[in-house]
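Asker: Got a sequence here, can you model it:
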Amino acid sequence: MDEVPEPHTGWTFLTNHARVLAAIADNHNARIRDIAAHCRLTERAVQKIIVDLEQDGYLSHTREGRTNTYRIDPGKVLRHPAESGLAVASLLALLAHDEADRTSSETGHAPSDADGRRHASA
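Answerer: Take a look at the predicted model:
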């Protein structure tokens with residue numbers, strides 16, 4: 001079950017930190033194993049990213065039995081000077097909207113806009 005994801009070569013638009021944060025935003029009770037599979041990372045990499053996010057105040061967790069429940073600080077500002085003033089909530093809203101569109105296209109439904117209207121796929 002500890003399958004190592006396929007390696008990726010070359011650059012990408014999103015960092016692994018953004019991917020992990022988006023996966024946690026989608027499921028605040030997600031297991032590290034599930035986050036790793038979703039983000040195509042190793043469990044060890046996800047653990048390190050979670051530590052980074054917690055140390056800088058973007059994320060916190062509480063232990064409930066054998067489950068971690070994560071809390072994201074939506075008002076925390078992104079780290080890079082080029083995104084100064086942009087809050088985590090804005091990034092996550094963009095990523096969540098994209099994920100919803102991808103999920104609807106996988107199910108055969110056209111993506112919808114903020115008003116819930118469906119759009120034809122190109």
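Asker: Least confident secondary structure element in the protein?
Answerer: When each helix and strand of the chain is scored by mean pLDDT, DSSP states H and E, helix 88-106 comes last, with a mean of 73.
Asker: tell me the centre residue of the protein?
Answerer: residue 22 (1.4 Å; Cα atoms, centre = their mean).
Asker: which residues sit against stretch 9-17?
Answerer: 39, 41, 45, 49, 52, 53, 95 (Cβ atoms under 8 Å, 6 or more residues apart in numbering). Where you see a C-beta, it was placed from the backbone N, CA and C, and this is true even at glycine.
Asker: nearest spatial neighbour of residue 83, skipping sequence neighbours?
Answerer: Using Cβ to Cβ, 6 or more residues apart in numbering and skipping residues adjacent in sequence, the residue nearest residue 83 is residue 77, 7.8 Å away.
Asker: can you tell me which residues contact that neighbour?
Answerer: 83, 84, 85, 86, 87, 88.
Asker: tell me which element the residue nearest to the centre of the chain is part of?
Answerer: Residue 22 belongs to helix 16-26 when assigned by DSSP states H and E.
Asker: Residue 70 too?
Answerer: Applying DSSP H and E, one finds residue 70 within strand 67-72.
Asker: Mind listing what's buried along that strand?
Answerer: Using 16 or more other Cβ atoms under 10 Å as the test for burial, strand 67-72 gives 68, 70, 72.
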